[in-house]
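Peer 1: I would like the atomic coordinates for the input below:
(chains A and B)
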Amino acid sequence: MDHDNYSDAYIRDILVRHRAIATVGASPKPSRPSYFVMKYLLTKGFDVIPVNPGHASSTILDQHVFATLGDIAKPVDIVDIFRNASAVLAVTHEAIRIGAKVVWMQLGVRNDEAARLAEIAGLKVVMNRCPKIEYGRLSGEIGWAGVNSRMLSSKRPLLGSGGGQQRALRKED
Amino acid sequence: MSEERKPGFNTLAIHAGAQPDASTGARVTPIYQTTSFVFDDVDHAAALFNLETFGNIYSRIMNPTQAVLEERLAALEGGTAALAVASGHAAQAVVFHTLLEPGDEFIAARQLYGGSVNQFGQAFAKFDWTVKWADTTDAESFRAAVTPKTRAIFVESVANPGGIITDLEAISAVAREARVPLIVDNTLATPYLTKPKEYGADIIVHSLTKFLGGHGNSIGGAIVDCGTFDWMGSGRYPSLTAPCPSYHGMILGETFGNFAFAIACRVLGLRDLGPAISPMNAFLILTGVETLPLRMQRHCDNAVQVAEWLSGHDQIAWVNYAGLPENEFYGLAQRYCPAGAGSVFTFGLKGGYEAGIALVSNVQLFSHLANIGDTRSLIIHPASTTHRQLADDQRERAGAGADVVRLSIGLEDVDDIIADLDQALAAV
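Peer 2: Numbers count the residues shown, from 1 in each chain, chains lettered A, B, ... in the order given. Just a heads-up that it's a prediction; the model follows:
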């Protein structure tokens, strides 16, 4: 796996296949990246599960906050890590233990040892990427901000549910 | 297109950023001639204002026609994002508004377009931003101008109108040592001829009015974020690294990663200074960009023939075109823009100032006006027009002395272009 260059198909497959995403290091502060990544993913129909021991049993964006991944009673597909690289290994061990399918490290976070471990256990790994940016890029929404999506398509974009300014992901594009 | 294939420049010039319209299927990008966009609901409105989701609010800040142009330009320059604004000057104002605080300095090549010399030296002084001039042909002069207050270095890849090709790699090395971004005005070259990011540029600015639009019908400007500068690591650019009071304490550099500079230019500089591009101009420029590769090559092919012809004319003292092998910048041109040295160049008339005035009066195909990068061939005598506000020594340093005539060679038949100069010179 080339962790410097993920193919669009690899990222798209992760985002269209999975719904339950645990956000480790979730913050209740609206100015923090984790907060609006969660807010965005909720509008795209993801089941967002915040994890933060400092805010356990409170809610963020109306979602119950769990202290650890192990406390979540339902299956988790993606573990999105908003923590420093040094904290990633422990989170990855836990992600493997609860049967997650994907370990996703947020923009600016990379831990190759944890990635190797997760891949040996059969999980997919994404490092140093943001699921909001990737969803926005692959759906074409990010182009509204003048961002280079690196996507070319002669197909009409897929409109999302819930409003005129919402786009969705096709399985194939 | 398949994942592994990287589309070529011609393909990007036509397709980047432009899917068919989501609601109507219109294949050509529509002109979204509207000031505002309805919110889906109150939560959606809040999310847009807080930068929590992507979408359109108000055409002073973003517009879907403009957005296609922005993504196209980012793709052509190899950048992460772009911002289109009302003019090239607006692009520069927004870039420096994002980078500088009162009391800060930047270093700029003194051989810039005269309008930039005015903007940097005079208008910016009112914001307490100080420009230090350096010589674009001498990277050491930039190194010597660096102080603890330096926050950026600014050059033109191909200087207007001096015919100079800037050694971008040498100057980007100075910028890296000083830990400041290198800003390159790539207007005269366009990304068809050279891609400054490949030589170390961090930010690219354009006057879209020129070759990118290419048809002389619309004023526009653009900022391209190359995604290469580490704002968070630097900590010297508070617009990107300090909590932003108007966005609930968001830190733009942290939130938007390698396209944070373009976002900061939009959500602070463009929002607050207001130089938005009109959707109509964005559309016209976008249409121009589709044929950029074809046009630029013809511009260059015509220019080199005209320059060769002028070189052999007995009323001409000198021709300064980097596409001629005898030119001092020919080597740099071969390195940085091997497909051609652009179509804007200068020459000197043995008859001096009076001959310059006579020549621009005698032409019949060439248009005497203050623009470059049009389908039409253009002529100007800088000393009596674009550069007349500058002092004599500034004019000389900018390559716009009394005997200098500047041409922007168009897309007409080259024989007709040469014939017009021939008859006009005969009447001088």
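Peer 1: use CA for all of it now, contacts and neighbours both
Peer 2: Fine.
Peer 1: show me what contacts A:Gly122?
Peer 2: Taking C-alpha atoms under 8 Å, 6 or more residues apart in numbering or on different chains as the contact definition, A:Gly122 lies against A:Lys101.
Peer 1: how much space between it and A:Val103?
Peer 2: Counting by C-alpha to C-alpha, to the nearest Å, the gap between A:Gly122 and A:Val103 amounts to 11 Å.
Peer 1: biggest helix in chain A by residues?
Peer 2: helix A:85-97 (DSSP state H).
Peer 1: other SSEs contacting that one?
Peer 2: Secondary-structure packing of helix A:85-97 (3 or more C-alpha pairs under 8 Å, 6 or more residues apart in numbering or on different chains; DSSP states H and E): strand A:78-81, helix A:112-120.
Peer 1: quick one: buried residues of that helix?
Peer 2: A:Ala85, A:Val88, A:Leu89, A:Val91, A:Thr92, A:Glu94, A:Ala95, A:Ile96 (16 or more other C-alpha atoms under 10 Å in any protein chain shown).
Peer 1: now do stretch B:175-192
Peer 2: Buried residues in stretch B:175-192, counting neighbours by 16+ other C-alpha under 10 Å, are found at B:175, B:178-192.
Peer 1: can you list the residues that contact it?
Peer 2: Here stretch B:175-192 makes contact (C-alpha under 8 Å, 6+ apart) with B:9, B:76-77, B:146, B:150-160, B:172, B:194, B:196, B:200-208, B:210-212, B:229, B:234, B:292-293, B:296, B:337, B:341-342, B:344, B:373.
Peer 1: helix, strand or coil for the residue of chain A most remote from its centre?
Peer 2: What lies farthest from the middle of chain A is A:Ser154; by C-alpha atoms, centre = their mean that is 27.5 Å. Recorded secondary structure, A:Ser154: coil (DSSP: H, G, I helix; E, B strand; the rest coil).
Peer 1: quick check, it in contact with B:Gln19.
Peer 2: Yes: with contacts counted by C-alpha atoms under 8 Å, A:Ser154 reaches B:Gln19, the gap being 5.5 Å.
Peer 1: could you check how many residues crowd around the residue nearest to B:Ala159 when sequence neighbours are not counted?
Peer 2: With sequence-adjacent residues excluded and distances taken as C-alpha to C-alpha, 6 or more residues apart in numbering or on different chains, B:Ala159 is closest to B:Leu112, at 6.0 Å. B:Leu112 has 25 neighbours, counted by other C-alpha atoms under 10 Å in any protein chain shown.
Peer 1: point out where chain A drops to low pLDDT.
Peer 2: Counting by pLDDT under 70, chain A has low-confidence residues at A:163, A:172-173.
Peer 1: quick one: the strands in it?
Peer 2: Here chain A has its strands, by DSSP state E, at A:20-24, A:47-51, A:59-60, A:63-64, A:78-81, A:102-105, A:124-126.
Peer 1: direction included, what does the fifth one pair up with?
Peer 2: Which is strand A:78-81. In the sheet, strand A:78-81 lines up against strand A:20-24 (parallel), strand A:102-105 (parallel) (DSSP bridges).
Peer 1: mean neighbour count and distance to B:Gly352 for those strands - can I get that in CSV?
Peer 2: CSV is the format used below for these (neighbours: other C-alpha atoms under 10 Å in any protein chain shown; distance: least, C-alpha to C-alpha, whole Å):
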stretch, mean neighbour count, distance to B:Gly352
strand A:20-24, 25, 72
strand A:102-105, 26, 66
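Peer 1: possible to save the ones you listed as TSV with distance to B:Val95?
Peer 2: Putting these into TSV (distance: least, C-alpha to C-alpha, whole Å) gives the following:
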stretch	distance to B:Val95
strand A:20-24	35
strand A:102-105	31
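Peer 1: now for the ones you listed, which one comes closest to B:Ala45?
Peer 2: Proximity to B:Ala45 (C-alpha to C-alpha) singles out strand A:20-24 among the strands paired with strand A:78-81, at 24.4 Å.
Peer 1: dump the residue contacts of the residue nearest to B:Ala159.
Peer 2: So B:Leu112 contacts B:Val155, B:Glu156, B:Ala159, B:Asn160, B:Pro161, B:Ala398 (C-alpha under 8 Å, 6+ apart).
Peer 1: tell me which residues touch residue 21, please.
Peer 2: Picked chain A for this. Contacts of A:Ile21 (C-alpha under 8 Å, 6+ apart): A:Phe46, A:Asp47, A:Val48, A:Ile49, A:Val76, A:Asp77, A:Ile78, A:Val79, A:Asp80.
Peer 1: my question was about chain B, not that one.
Peer 2: Residues near B:Asp21 by C-alpha under 8 Å, 6+ apart: A:Arg156, A:Pro157, B:Arg27, B:Val28, B:Thr29, B:Pro30.
Peer 1: need those residues in TSV with distance to B:Asp104 and neighbour count, can you?
Peer 2: TSV is the format used below for these (distance: C-alpha to C-alpha, whole Å; neighbours: other C-alpha atoms under 10 Å in any protein chain shown):
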residue	distance to B:Asp104	neighbour count
A:Arg156	47	17
A:Pro157	45	22
B:Arg27	46	14
B:Val28	44	12
B:Thr29	41	20
B:Pro30	42	16
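Peer 1: my read: B:Cys226 touches B:Thr80, true?
Peer 2: Yes: counting by C-alpha under 8 Å, B:Cys226 does reach B:Thr80; the two are 5.6 Å apart.
Peer 1: name the SS class of B:Leu83, please.
Peer 2: Looking at B:Leu83 with three-state DSSP, the answer is strand.
Peer 1: which parts of the stretch 251-400 of chain B are strands?
Peer 2: B:316-320, B:344-349, B:367-368, B:378-380 (DSSP state E, counting those that start in this stretch).
Peer 1: note down every partner strand of the last one and its orientation.
Peer 2: To tie it back to what came earlier, the one meant is strand B:378-380. Paired with strand B:378-380 in the same sheet, following DSSP bridges, are strand B:367-368 (parallel), strand B:404-408 (antiparallel).
Peer 1: just name the most buried of these.
Peer 2: When the strands paired with strand B:378-380 are scored by mean count of other C-alpha atoms under 10 Å in any protein chain shown, the highest mean neighbour count falls to strand B:404-408 (a mean of 26).
Peer 1: what's the average pLDDT for that one?
Peer 2: In this model, strand B:404-408 has an average pLDDT of 95.
Peer 1: report the buried residues of the helix or strand following it.
Peer 2: Next along the chain after strand B:404-408, taking DSSP states H and E as the criterion, comes helix B:414-426. By neighbour count on 16+ other C-alpha under 10 Å, the buried set for helix B:414-426 is B:Val414, B:Ile417, B:Ile418, B:Asp420, B:Leu421, B:Ala424, B:Leu425.
Peer 1: stretch A:27-43 now?
Peer 2: Buried residues in stretch A:27-43, defined by neighbour count with 16+ other C-alpha under 10 Å: A:27-28, A:30-42.
Peer 1: what lies in contact with that stretch?
Peer 2: A:23, A:25-26, A:48, A:52, A:60-61, A:82, A:130-132, B:52-53, B:247-251, B:254-255.
Peer 1: can you rerun that using 7 Å?
Peer 2: Residues from elsewhere that reach stretch A:27-43 (C-alpha atoms under 7 Å, 6 or more residues apart in numbering or on different chains): A:Ala26, A:Val48, A:Ile60, A:Phe82, A:Lys132, B:Glu52, B:Thr53, B:His248, B:Gly249, B:Met250, B:Thr255.
Peer 1: likewise for stretch B:155-164?
Peer 2: Contacts for stretch B:155-164 (C-alpha under 7 Å, 6+ apart): B:108-109, B:111-113, B:136, B:165-166, B:168, B:183-186, B:188-189, B:320-322, B:329, B:345-346, B:398-399, B:406.
Peer 1: go again using 6 Å as the cut-off
Peer 2: With C-alpha atoms under 6 Å, 6 or more residues apart in numbering or on different chains as the test, stretch B:155-164 has contacts from B:108-109, B:113, B:165-166, B:184-186, B:188, B:320-321, B:345, B:399.
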